[in-house]
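sequence unknown, structure follows:
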């Protein structure tokens, strides 16, 4: 079925071949881990440890700061060496705990104990998912228990498990689907039970035929499950675009997928939720694709939260050639890093390292009104006008032109012949609009 | 021909009649003083008085709802002129305040963490790890403050550093609000000794980041009158209520303290002058 037509989108070079056939390998325990306290969208977690404390693997080191928040757990047993400011991979300097592992990797009491998911009601499952710090692992890190708690008046009928992985280079979700098929489906079944939906769609882009094949085999025995092969177009994996491509339902401006009765969860999140419920295992590790032409041996690495990028790079054979740019996430939406001292967070799906010749230093120019960005914008916005308003600091106007619906996918910047830093303009404008809205109450 | 003339005359008469009635019925009560006051105001519509513009402030003053010195930009001269229009005595305001950029770390002396190639605007640059300077407190040097200054009082030095000309500065505080680093402060125009650093980093770190950073050595604190300079989390801060002798600047090992307007060599013209009436 060629169902994947949403408006706009682009076709960047995917470069997934670098790592998509490499099985997931676990990185040996690094000498130190840097664990950030703000690892979810919403309210940051509140630290409950201090310098010198001994922690066990899976012990809570930061508690939820509110409803839209999750706890953070120690990724291994060891000592809190210091608490200070470190460069966080999302582009801010943030507070983090430095943990020196003791090498025993000893579980905290009660963690990693098998339990039967039989007889657990929806509220209990949500509680377990929250207590184990599960967040959206596609990159946005939105707390999963919040997504699973729609208001009573929202009726949901479809669960979408997002395995589109439309970002170039990244293959972490691809490998998870191939290697942990049953775990993902069990997690999906849990989500479906919590929100009470009977229809589960696993959405995978057609450039992952092996994943589609194993998933199709695995869902055959499950009622209500189906696998959809999606056309390869960026941003196919963006929540609203995926929902439209699958169901032709449009999430209203400023709305959420629950407004159209759909819940979307990433494949990694489903697996983490399954581990949390079945084994009481908190989210302390994830798969990170370390790839790009600037890395010797691209790999899909199972890394503890807090693993420094430098350790990842060394594990993958070190830098190759004149490696010049390091991006946390994919090249379309990722954040360029200035230091390999940044560390893996729950939302780190990849580390892309590019060589000098691939990193063009653009000089951006005035908008020539060619309108290509209007054709590319999957949200149907007018990026040209938005960028000009933002440049002139006319932030009320950007709000009028619905800047808050921008998903920062970067399609506009990708097609812009004037090489305008569109997303940068929009991030600034969004911050200013949020300030204006706060002021207006 | 004659019909046309009569028709037009009649039309003119009817229109004039209509206008005469409209002028009576829709007349807006107007205070002539407000016009005079608006004339006396600077007319930049900068918004420093927190009102929509000079006309609105003039109206408020004329109605007695605002003080004659409510325009922070106009200073004493404008206040006197407005007081004369209102037939009031102006006793003279306090010290005029001007903006000051509390950073001396130009590209020549301050280290950078990475190469920034984004939008040429300080607030946008601050979104990327807080900016490219190693010192996370310092001036980003992309000129956002200079861009918002309605009076052209801020100049960008070649090394990426903003500097306010206190003679032109009217104290409207637009730059203070625009700076993402919050390092522009309002200081009394009569004071000319300043500590041009905002870094709360510990001495060693601050020194590594910038050759002219305050390293918290406290030499100036000891040299100045007691209480005039205090330490706030590794940063020396001036209490402008005190007069500080110019010699204190010489105590600073990092050259962070400056005396603006003081001629380097006797007989030379001062590069930037401070003070004087507005």
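Arrived safely, thanks for sending. Only a predicted model underlies this, so the values are computations on that prediction, with no experimental measurement involved. Numbering: from 1, shown residues only, chains lettered A, B, ... in the order given.

can you pull the buried residues of stretch A:389-406?
A:389, A:390, A:391, A:393, A:395, A:397, A:398, A:399, A:401, A:403, A:405, A:406 (16 or more other Cβ atoms under 10 Å in any protein chain shown). C-beta: built from backbone N, CA, C; applies to glycine.

want to throw those residues into a markdown table with secondary structure?
Converted to a markdown table, the buried residues of stretch A:389-406 look like this (DSSP: H, G, I helix; E, B strand; the rest coil):
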| residue | secondary structure |
| --- | --- |
| A:389 | helix |
| A:390 | helix |
| A:391 | helix |
| A:393 | coil |
| A:395 | helix |
| A:397 | helix |
| A:398 | helix |
| A:399 | helix |
| A:401 | coil |
| A:403 | helix |
| A:405 | helix |
| A:406 | coil |
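
Just give me the closest of those residues to residue A:39.
residue A:406 (23.6 Å; Cβ to Cβ).

separation between the closest residue to that closest one other than its chain neighbours and residue A:402?
Nearest residue to residue A:406, sequence neighbours excluded (Cβ to Cβ, 6 or more residues apart in numbering or on different chains): residue A:426, at 5.1 Å. Distance, residue A:426 to residue A:402, by Cβ to Cβ, to the nearest Å: 11 Å.

re the thing from before, what residues sit buried inside the helix or strand containing the residue nearest to residue A:406?
If you go by DSSP states H and E, residue A:426 is part of helix A:422-440. Residues of helix A:422-440 classed as buried: A:422, A:423, A:424, A:425, A:426, A:427, A:428, A:429, A:430, A:431, A:432, A:433 (neighbour count, 16+ other Cβ under 10 Å).

Tell me the buried residues in stretch B:50-62?
Here stretch B:50-62 shows B:51, B:54, B:55, B:56, B:57, B:58, B:59, B:60, B:61, B:62 as buried, counting by 16+ other Cβ under 10 Å.

since we're on the closest residue to residue A:219 other than its chain neighbours, how many residues are nearby?
Of all residues not flanking residue A:219 in the chain, residue A:225 sits nearest, at 3.9 Å (Cβ to Cβ, 6+ apart). By other Cβ atoms under 10 Å in any protein chain shown, the residues close to residue A:225 number 22.

in chain A, which spans are helices?
Assigned by DSSP state H, chain A shows helices spanning A:122-131, A:144-147, A:172-179, A:181-195, A:209-219, A:239-247, A:267-279, A:309-315, A:372-376, A:383-391, A:395-400, A:411-415, A:422-440.

helices and strands around the shortest one, which ones?
In other words, helix A:144-147. The contact analysis (3 or more Cβ pairs under 8 Å, 6 or more residues apart in numbering or on different chains; DSSP states H and E) places helix A:144-147 against helix A:122-131, strand A:262-266.

What is the burial count for the residue of the stretch 151-300 of chain A found nearest chain B?
Closest residue of the stretch 151-300 of chain A to chain B, Cβ to the nearest Cβ: residue A:294 (16.3 Å). Using other Cβ under 10 Å, residue A:294 has 23 neighbouring residues.

That one touches residue A:359, doesn't it?
No: if you go by Cβ atoms under 8 Å, residue A:294 and residue A:359 don't touch, sitting 9.3 Å apart.

shared neighbours, those two?
A:324, A:325 (Cβ atoms under 8 Å, 6 or more residues apart in numbering or on different chains).

How is chain A partitioned into domains?
As given by automatic domain parsing, the domain ranges for chain A are A:1-28+A:116-361, A:372-440.

Including distance to residue A:102 and mean pLDDT, could the ones you listed go into TSV?
Below are these laid out as TSV (distance: least, Cβ to Cβ, whole Å; pLDDT from 0 to 100):
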stretch	distance to residue A:102	mean pLDDT
domain A:1-28+A:116-361	14	92
domain A:372-440	40	94
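
okay if I get those as a markdown table plus distance to residue B:259?
Putting the domains of chain A into a markdown table (distance: least, Cβ to Cβ, whole Å) gives the following:
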| stretch | distance to residue B:259 |
| --- | --- |
| domain A:1-28+A:116-361 | 37 |
| domain A:372-440 | 36 |
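
so which of the ones you listed gets nearest residue B:9?
Closest among these, using Cβ to Cβ: domain A:372-440, at 49.1 Å.

And the residue in chain A that chain B sits nearest to, its phi and psi?
Using Cβ to the nearest Cβ, the closest approach of chain A to chain B is made by residue A:338 at 3.5 Å. Per-residue torsions, residue A:338: phi -100, psi -10 (degrees, to the nearest 10).

Quick check: closest non-adjacent residue to it.
The nearest residue in space to residue A:338 (Cβ to Cβ, 6+ apart) is residue B:114, at 3.5 Å.

Now do the same contact list for the one you found.
A:338, B:129, B:132.

Just want to check the distance between it and residue B:137.
Residue B:114 is 17 Å from residue B:137, by Cβ to Cβ.

Kindly report the same for residue A:137.
35 Å.

residues touching the closest residue to residue A:149 other than its chain neighbours, list them.
Distances taken as Cβ to Cβ, 6+ apart put residue A:126 closest to residue A:149, at 6.4 Å, once the chain neighbours are dropped. Residues near residue A:126 by Cβ under 8 Å, 6+ apart: A:145, A:148, A:149, A:194.

Contact residues of the stretch 101-250 of chain B facing chain A?
Residues of the stretch 101-250 of chain B that fall close to chain A, judged by Cβ under 8 Å from any Cβ of the partner chain: B:113-114, B:117-119, B:121, B:123-124, B:127-130, B:136.
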